[in-house]
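1. Build me a structure from this.
(chains A and B)
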Amino acid sequence: MDYSLLIPEVVLFVWALVLLLYNASAKTENPRAIGLFALIGLVAAFVILWFVPDGSLFGKTFISDTYARGFKMIFLLAAIVTVIGSVDFASKHMKHTGEFYSLIMLCVTGMMFLASAGELISLYVALELSTISLYILAAFLKKDLKSTEAGLKYLILGAASSGILLYGLSLLYGLTGSTVLDEIGYRLFLNEGTTIAAVFAIVMFVAGFGFKLAAAPFHMWAPDVYEGAPTPVTAFLSVASKAAGLVAFVRLFFNSLLAIKPEWVVIVEIVAILAMVVGNVVALLQKNIKRMLAYSSIAQVGYVLVALSAGIDLSVTSMMIFLLAYLFANIGAFIVVIAFSNATGSDNIEDYSGLWKRKPSLAIVMTIYMLSLVGIPLTGGFIAKYFLFGAAVKEGLYTLVVIAILTSVISLFYYMNVVRIMMFRPAPSADKIALPWMIKLGLAISVIMVLLIGIWPGPFYAWGQLASTIFHF
Amino acid sequence: MNLLVFYILAILAAGSAIMVVTMKNIFHSALFLVLTFFSVAGIYVLLNAEFLAAVQVLIYVGAITILMIFAIMLTHQLFSRSLRQVNEQVIPASLITFIFFVLSVVALAKTAWPVSGGQLPEDRIFEIGKLLMSEYVIPFEVVSVVLLVALVGAIIIGRREKSGDTK
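-> Model prediction:
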């Protein structure tokens, strides 16, 4: 057996432990050095990941394939950009920064195991590792009532959704007698006709993963948790948690449940429509930028589900491109929120008025992120939506695509509202906003990547296509 | 005979679970939780899963609920307080739960479950141990990381901060 497949996970885990131990023994805390140390670990794991070959361990319990590695890159990139953007926030607002970064790293470790899980028990345990870390991270600002509330809500609702998911997994095991995903797919394929229990299990999976994805109607937790959690955690949560839900969802549905595709397509379509409509319409009413981005993320996941209900290889390809573009645009937008609230202490959209006068560069990058989230050409968001809807069109899901485009038009209002307030409203004060260099770095990386995907999508398309080759349609 | 024992245990488990969520005193709820876990452990024994039954009693009854009872007794004024376990949404909630219950009964009853006809291995604990150390070693190890994260989280959230700190 080739244990070298596990090196990125092990490196990340050991790095997190060293960070924990160092932080416990150090007499004085230096938040910047700790952040930098965590960053080095994440980048190291990312570099090592490029050299990991294909293969599987322990009879398909742990699979390293192009799909798993593609997602691991997304998780690590999300963590890297988040850590870059949060060093200033952490040193200003947080105690125990060592624990903060090591929890982020342990969370990513769980997500990486999740991406490689080829078996139900590993899948569930890895999912729990990532979500338990996120519960703690959401409640990290102990003196802040909203953060505590966010952590508690996330924990209780998350535990309930895990229970539902687990019940579905147990039904699937009962139906097939195996926990290995490939084996389950094979046995379901042999069973002539679907059983009603399988449909029941699918409903449980959609509910359980729908919670992790924050797709309507399982999105109730998202606005409160996004608003209350520390902003770097929200940034990470809004991207990595969704990607973690998607990686398991797609592997389970496209690999094990492909034999009963007609049954799950209908359910996924309904959730997609609900997510797009609820997310986009309710986002219009939001006054707080973190809540607005929460509802926007609900809508964005609806677009992914449109492509996934097509159930073809282009669905997976487009999902990978989408996640990459969404990662940089969304975390970038949250870094702007961090920079702005560090300077002014406010998260209200109204308070962004006149940002153009106070810090032109901040207003410009925020505009680019918003344009990408809408899906305007020359940004990554356009390419992502083009492929997502293309997958649905290819399968003839015209109703879904029409709804997706109509709700995208609605989304134009609330994204552009932010731009309008930043650019054309008078500034309440003439104070300039200073940006620390780490935040500048995070913003620059995100903007460059958003534009790069938009202008030169070729390599990213090839990368996404590589990830979808493991599925046999 | 087995069937009769199963029904007694199942009714006991479900009945005491209902008591857990309806009792007015949180201490009584915790005691009924013990009863639920015991009945479930009995069902495991009926299913020839003695190891699981032992683990259930040791961990759920022996550790988790005892810890809960300690926490209740040590928390100021929680012990004697009367709690309302329902709010104004109790009717829609019970309706949805009932629909879910009917649907799951229908789904489970209408399905032909593949029965495993295999012989039970002689030394079952030995087999479980072997599986945990070979095929399922990765989830086994990841669980220990989950435990570590939970411990770190408990310490972070439970640690008393120095007063006068604004962070």
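2. need the next SSE after the helix-or-strand element of chain B with minimal mean pLDDT, C-terminal direction.
-> When the helices and strands of chain B are scored by mean pLDDT, DSSP states H and E, helix B:66-74 comes last with a mean of 85. Downstream of helix B:66-74, the first helix or strand assigned by DSSP states H and E is helix B:90-110.
3. For the closest residue to A:L466 other than its chain neighbours, report the pLDDT, please.
-> Once flanking residues are discounted, A:L466 sits nearest to A:T66: 4.7 Å by Cβ to Cβ, 6 or more residues apart in numbering or on different chains. Yep, even glycine has a C-beta here, placed from its N, CA and C like the rest. If you check A:T66, the pLDDT there is 91.
4. swap in B:L78?
-> Turning to B:L78, the model gives it a pLDDT of 69.
5. ok, back up a step: let me know whether the residue nearest to A:L466 touches A:P53 as I believe.
-> No: between A:T66 and A:P53 there is no contact under Cβ atoms under 8 Å: 10.8 Å.
6. residues near residue 135, how many?
-> Assuming you mean chain A. By the criterion of other Cβ atoms under 10 Å in any protein chain shown, A:Y135 has 23 neighbours.
7. Please refer instead to chain B.
-> For B:E135, the tally of surrounding residues (other Cβ under 10 Å) stands at 19.
8. tell me the contacts of it?
-> With contact set as Cβ atoms under 8 Å, 6 or more residues apart in numbering or on different chains, B:E135 has these partners: A:58-59, A:61.
9. looking at these, which has the most residues close by?
-> Compared across these, A:T61 has the highest neighbour count, 22 neighbours, by other Cβ under 10 Å.
10. For it, what are phi and psi?
-> With angles defined as degrees, to the nearest 10, A:T61 sits at phi -70, psi -40.
11. Name all residues that make contact with it.
-> For A:T61, the contact set (Cβ under 8 Å, 6+ apart) comprises A:117-119, A:122, A:180, B:135-139.
12. Bridge partners for the closest residue to it other than its chain neighbours, pull those for me.
-> Nearest non-adjacent residue to A:T61, counting by Cβ to Cβ, 6+ apart: A:E119, 4.8 Å away. A:E119 has the following beta-bridge partners by DSSP bridges: A:V180.
13. Would you verify that A:S56 is located in a helix?
-> No: judged by DSSP: H, G, I helix; E, B strand; the rest coil, A:S56 forms no part of a helix; its state is strand.
14. Just give the number of residues close to the residue nearest to A:L466.
-> For A:T66, the neighbour count with other Cβ under 10 Å is 17.
15. where does it sit relative to A:A467, distance-wise?
-> The gap separating A:T66 from A:A467 is 5 Å, by Cβ to Cβ, to the nearest Å.
16. ditto for B:S29
-> Distance of B:S29 to A:A467, given as Cβ to Cβ: 48 Å.
17. Show me which of the two is the more surrounded one.
-> Taking neighbours as other Cβ under 10 Å, B:S29 and A:A467 compare with A:A467 leading, 24 against 19.
18. Now do the contacts for the more buried one.
-> Counting by Cβ under 8 Å, 6+ apart, A:A467 makes contact with A:66-67, A:70-71, A:316-317, A:320.
19. Kindly report the same for A:I260.
-> A:188, A:194, A:198-199, A:202.
20. of those, the lowest pLDDT goes to which?
-> Taken together, the contacts of A:I260 show their lowest pLDDT at A:T194, with 65.
21. Would you map the helices across chain B?
-> Remark: helices assigned in chain B by DSSP state H are B:2-22, B:26-46, B:50-55, B:66-74, B:90-110, B:124-133, B:137-158.
22. Quick check: buried residues in the last one?
-> By neighbour count with 16 or more other Cβ atoms under 10 Å in any protein chain shown, helix B:137-158 contains the buried residues B:137-140, B:142-143, B:145-146, B:148-150, B:152-153, B:156.
23. the strands in the stretch 1-150 of chain A, which residues?
-> Taking DSSP state E, counting those that start in this stretch, the strands of the stretch 1-150 of chain A run over residues A:55-57, A:62-64.
24. what about those, which gets the closest to chain B?
-> strand A:62-64 (5.2 Å; Cβ to the nearest Cβ).
25. what helices or strands is the closest one leaning on?
-> Where contact means 3 or more Cβ pairs under 8 Å, 6 or more residues apart in numbering or on different chains; DSSP states H and E, strand A:62-64 is packed against strand A:55-57, helix A:97-116.
26. Just name the most buried of the ones you listed.
-> Among the helices and strands packed on strand A:62-64, helix A:97-116 has the highest mean neighbour count (mean count of other Cβ atoms under 10 Å in any protein chain shown), at a mean of 28.
27. Number of residues surrounding A:S25?
-> Using other Cβ under 10 Å, A:S25 is surrounded by 7 other residues.
28. could you measure it against chain B, distance?
-> Per Cβ to the nearest Cβ, to the nearest Å, A:S25 is found 15 Å from chain B.
29. again with A:I439
-> Distance, A:I439 to chain B, by Cβ to the nearest Cβ: 19 Å.
30. and A:P230, how far is that from B:I156?
-> Distance of A:P230 to B:I156, given as Cβ to Cβ: 13 Å.
31. Mind listing the shared neighbours of those two?
-> Applying Cβ under 8 Å, 6+ apart, one finds that A:P230 and B:I156 are jointly contacted by A:F140.
32. If you drop the residues flanking it in sequence, what lies closest to A:L141?
-> Excluding the flanking residues, the one nearest A:L141 by Cβ to Cβ, 6+ apart is A:S147, at 3.9 Å.
33. so where's the chain shaky on pLDDT?
-> Answering for chain A, as no chain was given. A:192-194 (pLDDT under 70).
34. Hmm, no, I was thinking of chain B.
-> B:78-79, B:115-118, B:162-167.
35. Near chain A, which residues of it? Just list them.
-> Residues of chain B lying close to chain A (Cβ under 8 Å from any Cβ of the partner chain) are B:103-104, B:106-108, B:110-114, B:116, B:134-139, B:142-143, B:145-146, B:148-150, B:152-153, B:156-157, B:161, B:165-167.
36. count of neighbours near residue 89?
-> Reading this off chain A. When neighbours are defined as other Cβ under 10 Å, A:F89 has 27 of them.
37. wrong one, chain B
-> Applying other Cβ under 10 Å, I find that B:Q89 has 9 neighbouring residues.
38. If anything else comes up later, I'll come back, but that's it for now.
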